[in-house]
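Novice: coords below, sequence missing:
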DNA sequence: ATAGGGTTAG
């Protein structure tokens, strides 16, 4: 067959449609000798580069290397191939070769080189190539210069981009839009807008660029406004435009608008590609209409990864985490984003253990966790008090598994703080090069939680000295610090200062802090006065802290007022009834106390059991008073008896006054030892190595008896014990606690 | 014979 001279002449002009066909053709050409003829090789090369799906760059480069003396056109083709197929540096290297072989570049060559330098962020090379270009082509055409502007935009060199733009003698629509989109993307919205207003040639691309700029800058309303202006200007939206607009709807969580855009797309006959379907799914997911999202998803033929991920996100957002998981398990291929969405979903629904388990799976899968993964998991560890896992994540960061940034550092500080390890938290804080207001906030709040209120205030002042302007959240941290450490004078002055110095209007949480602080310090009249005069409606948290203060300072009248308001806001919260009941019992008003019991029964409010949890070897163990379901309950029971025995030997008297149930004293003592935090501590004593602190989380407030008993336990066993309850940390060491007023 | 600009997940 090959002996036919006609066929061998025809060979080079065939167009291969697969890699196999290409290699066959290539082989035939080598054998027949037609590879040596430049036009034939050029054609083969070009058809290989252009027709292969996916493009096979290394094959193309190999073939190129065999071509004896490629012309400028062929060099351009190969440089372009590199710039388009993820090997931009290779195209710069090729240009170097071209230059050394004395082949003259043309303006196409430069276009592709600019593109390569842009996508690979090669600022130095970019400037060199630019210099060369100006020397060779002083009369620059709009085509190549548009690429040049684009390159400088990608390098973040707005000034250079602008100068290049100004040098163009005849600016066309593309050079204008390149400027507009570059400016908008870099966040120079005002400049972009000015260019947009000046341009004589506006089209759908310039409109879309500007809309996208606003959407990306979290200014979705303005993006939508521009979109309506564009429509009234009679510019037809295309697929890219509506993708951008849908992302703005998602940002605004405006389902109505999203639905309107959806019907607009159908009405206008806008071409619906996979990208657009993904944008629709994402919009519906974020707006909370997962059924519509599912409909779009079902309509998709070949389901792309992004669509799966958007669906997972949608089910997570409405809290249907199991549905999300089932989708996740159905995915053929998933990526780190799929994992992150699931992990965040678990964290949001409080299934922290599942989140950590999924992380283990992620590591097994060989995918690389990124900053989102680590920040999410650190948050989970923080609320679990899972110090071991938190430390493992810290190790991941130290091993440079992810790129260090300020969010990561802040999450790390927060985790160590919430796990009660203030030393490590401060070490991380001190090592951070960049700290933003959130970093400081996490540090201040963490110190406050850990009973180091004075130090928290010092850090707050330090933050201000470093020129960081405190925001509302930072003030919340510092007020929390004051209320946790009973720093009344300081609390008052910070509360005053946030308004006068920083023009921050106190929100309900800030009022909550200052009212709590006043109440704790016994200034009940002042507290109630503030509640009555503040510009926001008091919430349940505020009345609850009033009620606690009233119990301690024995103000029956105010207590009843607080309870009345509290019961209006939270008629089903058992803790309110219990608290009020206890207050009546304290002051021996038995009739009122039993009325409360009756009220609870009438309203069907059941007292829910408080639980405590402890993490051992990555497993969360939950204890409920009186619950025998723990696997090692016998050992726990034994340990509790041992604790009771040793405490008695040390002369400990259980504080039974707080128990208002009708029991004799011995039964009361036993009841105290069935408390869930004591069970958790007992389990910690038997299962944790002696050098590890025992870290317990309690979902209710630690009671007075537990507080003093744990002090003694820490001394007798010489163990550090950290108990974290709803509102604070208790660090027990050497028979002492970091917070001395237990309530 | 080759060409420049706008989009997307957590």
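Specialist: In hand now; what should we look at? Computed from a prediction, not measured in an experiment: that's the story for all the values here.

Novice: mind showing which ranges of chain A have poor pLDDT?
Specialist: A:1-22, A:25-26, A:28, A:30-54, A:618, A:657-663, A:726-727, A:739-743 (pLDDT under 70).

Novice: remind me, longest helix of it?
Specialist: helix A:633-649 (DSSP state H).

Novice: Give me the helices and strands touching that one, please.
Specialist: helix A:665-673, helix A:676-687, helix A:704-716 (3 or more Cβ pairs under 8 Å, 6 or more residues apart in numbering; DSSP states H and E). No exception for glycine: its C-beta is placed from N, CA and C like everyone else's.

Novice: Which of these sits closest to DNA strand B?
Specialist: helix A:676-687 (31.8 Å; Cβ to the nearest atom of the strand).

Novice: Buried ones in that closest one, by neighbour count?
Specialist: A:676, A:677, A:678, A:679, A:680, A:681, A:682, A:683, A:684, A:685, A:687 (16 or more other Cβ atoms under 10 Å).

Novice: Find the nearest non-adjacent residue to the first one, please.
Specialist: Once flanking residues are discounted, residue A:676 sits nearest to residue A:612: 4.0 Å by Cβ to Cβ, 6 or more residues apart in numbering.

Novice: by how many degrees do the helix or strand hosting the one you found and helix A:704-716 diverge?
Specialist: Applying DSSP states H and E as the criterion places residue A:612 in strand A:611-616. Interaxial angle, strand A:611-616 versus helix A:704-716 (axes from the mean of the first three to the mean of the last three Cα atoms, to 10 degrees): 20 degrees.

Novice: so how far is the following helix or strand past strand A:611-616 off the chain centroid?
Specialist: Downstream of strand A:611-616, the first helix or strand assigned by DSSP H and E is strand A:619-624. Relative to the centre of its chain, strand A:619-624 is centred 27 Å away, using Cα atoms, centre = their mean, to the nearest Å.

Novice: Neighbouring strands - and their directions - for strand A:619-624?
Specialist: Here strand A:619-624 is paired, per DSSP bridges, with strand A:611-616 (antiparallel).

Novice: Could you tell me the angle between the strand it pairs with and helix A:676-687?
Specialist: Using the same axes, to 10 degrees: strand A:611-616 against helix A:676-687 is 20 degrees.

Novice: what about the residue positioned nearest the centre of chain A, distance to DNA strand B?
Specialist: The centre of chain A sits closest to residue A:372, judged by Cα atoms, centre = their mean, with a distance of 5.5 Å. Using Cβ to the nearest atom of the strand, to the nearest Å, residue A:372 is found at 3 Å from DNA strand B.

Novice: okay, now residue A:113: neighbour count?
Specialist: Neighbour count for residue A:113, taken as other Cβ atoms under 10 Å: 32.

Novice: Identify the residue nearest it in space, chain neighbours excluded?
Specialist: Residue A:113's closest residue in space is residue A:129 (Cβ to Cβ, 6+ apart), at 4.8 Å.

Novice: so who does the one you found touch?
Specialist: A:92, A:95, A:110, A:113, A:114, A:117 (Cβ atoms under 8 Å, 6 or more residues apart in numbering).

Novice: what's the closest non-adjacent residue to the second one?
Specialist: Spelled out, that is residue A:95. Per Cβ to Cβ, 6+ apart, closest to residue A:95 is residue A:113, 5.8 Å.

Novice: Quick check: that neighbour is in a strand.
Specialist: No - membership of residue A:113 in a strand is not supported by DSSP: H, G, I helix; E, B strand; the rest coil, which gives helix.

Novice: Make sure it is actually in contact with residue A:90.
Specialist: No - between residue A:113 and residue A:90 there is no contact under Cβ atoms under 8 Å: 11.6 Å.

Novice: For the stretch 201-350 of chain A, just list every one of the helices.
Specialist: Listed in chain order, the helices of the stretch 201-350 of chain A (DSSP state H, counting those that start in this stretch) span A:204-216, A:220-232, A:239-252, A:255-268, A:274-286, A:290-299, A:305-317, A:321-330, A:336-348.

Novice: Figure out which of those is closest to residue A:630.
Specialist: helix A:336-348 (23.3 Å; Cβ to Cβ).

Novice: what's downstream of the closest one, the next helix or strand?
Specialist: As the chain continues past helix A:336-348, the following element, by DSSP H and E, is helix A:352-365.

Novice: From residue A:643, how far off is the residue lying closest to residue A:635 once chain neighbours are set aside?
Specialist: Distances taken as Cβ to Cβ, 6+ apart place residue A:686 nearest to residue A:635, at 5.5 Å, with adjacent residues excluded. Counting by Cβ to Cβ, to the nearest Å, the gap from residue A:686 to residue A:643 is 11 Å.

Novice: And residue A:498, by the same measure?
Specialist: 45 Å.

Novice: Residue A:528 too?
Specialist: For residue A:528, the distance to residue A:643 - Cβ to Cβ - is 41 Å.

Novice: likewise residue A:678?
Specialist: Distance from residue A:678 to residue A:643, by Cβ to Cβ: 7 Å.

Novice: list residues touching both of the two?
Specialist: residue A:709.

Novice: What are the buried residues along stretch A:86-102?
Specialist: A:87, A:88, A:89, A:90, A:91, A:92, A:94, A:95, A:98.

Novice: Which residues does it contact?
Specialist: A:57, A:61, A:75, A:78-80, A:82-83, A:105, A:109, A:112-113, A:115-117, A:119-120, A:122, A:125, A:129.

Novice: Would you report which members of the residues you listed are assigned to helices?
Specialist: Judged by DSSP H, those include A:57, A:61, A:75, A:78-80, A:82-83, A:109, A:112-113, A:115-117, A:119, A:125, A:129 as members of helices.

Novice: Helices along the stretch 51-200 of chain A, start to end?
Specialist: According to DSSP H, counting those that start in this stretch, the helices that the stretch 51-200 of chain A contains are A:57-65, A:72-84, A:88-100, A:107-119, A:123-136, A:142-154, A:158-167, A:173-185, A:189-198.

Novice: For those helices, give me a markdown table that also has distance to residue A:671.
Specialist: Output for those, formatted as a markdown table (distance: least, Cβ to Cβ, whole Å):
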| stretch | distance to residue A:671 |
| --- | --- |
| helix A:57-65 | 75 |
| helix A:72-84 | 75 |
| helix A:88-100 | 72 |
| helix A:107-119 | 70 |
| helix A:123-136 | 72 |
| helix A:142-154 | 69 |
| helix A:158-167 | 71 |
| helix A:173-185 | 65 |
| helix A:189-198 | 65 |
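
Novice: among those, which is nearest residue A:427?
Specialist: That would be, of the helices of the stretch 51-200 of chain A and by Cβ to Cβ, helix A:123-136, which comes in at 35.9 Å.

Novice: Pull out the buried positions in that closest one.
Specialist: A:123, A:125, A:126, A:127, A:129, A:130, A:132, A:133.

Novice: can those residues go into CSV with extra columns for distance to residue A:202?
Specialist: Output for the buried residues of helix A:123-136, formatted as CSV (distance: Cβ to Cβ, whole Å):
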residue, distance to residue A:202
A:123, 31
A:125, 34
A:126, 29
A:127, 31
A:129, 31
A:130, 28
A:132, 33
A:133, 28
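
Novice: restrict those to contacts with DNA strand B.
Specialist: Cross-checking the buried residues of helix A:123-136 against DNA strand B (Cβ under 7 Å from any atom of the strand) gives no overlapping residues.
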